[in-house]
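Need coordinates for the below:
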Amino acid sequence: MALFYVPSVATSSFLPEDESYHAVKVLRLQSGDSIDLVDGVGGFFKAIITTAHHKRCGFEIQENIPNVGKHNYKLHIAMAPTKNMDRLEWFVEKATEIGIDEITPIICHNSERKVLKNERLEKIVIAASKQSFKAKFPLINPACSFVEFVEKSNASQKFIAHCYDEDKKLLHKELGVCKDVLVLIGPEGDFSPYEVQKAIEQKFIPVSLGESRLRTETAGIAACCIVAFQ
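Next up, the predicted model:
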């Protein structure tokens with residue numbers, strides 16, 4: 001079944017132009033064919049095509065199906081952008097497929113990338129959400145400084161994953177019943193000692209993601225999997 005993104009599906013009866021083109025020119029769908037629609041904020045709809053036009057494909061909603069792709073936790077990953085954008089894009093794609101609610105790029109002392117444009121990441125979120133049949137898309141927040149972020153964070157469970165040799169518990173053993181989870185993932189050079197201490201002062205719990213030393217983007221995916229499959 002073809003899945004299409006229509007941000008204003010509740011007030012619209014036409015696919016956006018790019019989705020219209022994909023439906024009519026690429027998939028060669030015709031009037032009367034069934035399609036699935038998502039609005040990116042949790043709505044999932046079954047519809048039929050009424051007008052098969054490659055720029056303005058009309059549809060009629062047949063059914064609203066609740067809770068499609070919904071998970072039983074809230075996960076926010078705040079991660080330092082990787083120097084190589086391909087690695088960050090890979091993380092966003094795979095985290096979206098696994099299940100995540102928010103991603104915030106944080107600029108740390110050791111960050112090698114300090115400027116970030118979200119447009120490309122948002123397109124990756126849309127494609128990955130459609131691929132994995134998710135009706136609610138994760139939010140890509142604007143980049144902000146590490147200190148600014150930790151001072152305003154308010155998740156029920158807050159963790160910082162760093163590589164310093166100190167007593168740390170495994171993330172999966174620290175997760176509580178209430179899964180409103182925020183995990184900080186540092187840059188290639190790790191968090192600075194000041195940043196670790198600052199996070200601890202803001203009630204973040206230092207954790208380990210396992211025995212291996214992971215790349216930034218791999219650590220982010222490991223955290224997603226631990227929360228999703230706990």
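
all contacts plus neighbour counts: C-alpha atoms, from now on.
Fine.

now the helices for the protein?
Per DSSP state H, the chain has helices spanning 17-21, 85-98, 119-131, 146-152, 171-174, 193-201, 216-228. These are given in chain order.

okay if I get those as JSON lines plus mean neighbour count and distance to Leu139?
Below are these laid out as JSON lines (neighbours: other Cα atoms under 10 Å; distance: least, Cα to Cα, whole Å):
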{"stretch": "helix 17-21", "mean neighbour count": "18", "distance to Leu139": "21"}
{"stretch": "helix 85-98", "mean neighbour count": "19", "distance to Leu139": "10"}
{"stretch": "helix 119-131", "mean neighbour count": "18", "distance to Leu139": "8"}
{"stretch": "helix 146-152", "mean neighbour count": "16", "distance to Leu139": "16"}
{"stretch": "helix 171-174", "mean neighbour count": "15", "distance to Leu139": "23"}
{"stretch": "helix 193-201", "mean neighbour count": "16", "distance to Leu139": "23"}
{"stretch": "helix 216-228", "mean neighbour count": "20", "distance to Leu139": "15"}
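
which one of these has the lowest average pLDDT?
Mean pLDDT per stretch puts helix 171-174 lowest among these, at a mean of 90.

what helices or strands is that one leaning on?
When contacts are defined as 3 or more Cα pairs under 8 Å, 6 or more residues apart in numbering; DSSP states H and E, helix 171-174 packs onto helix 216-228.

The helix it packs on vs helix 85-98, what angle?
10 degrees (axes from the mean of the first three to the mean of the last three Cα atoms, to 10 degrees).

So for Glu60, which of the helices of the chain sits nearest?
helix 17-21 (13.9 Å; Cα to Cα).

Need the helices of the chain in CSV (columns: distance to Asp165).
Output for the helices of the chain, formatted as CSV (distance: least, Cα to Cα, whole Å):
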stretch, distance to Asp165
helix 17-21, 50
helix 85-98, 26
helix 119-131, 33
helix 146-152, 21
helix 171-174, 16
helix 193-201, 11
helix 216-228, 17
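
Great, nothing more from me.
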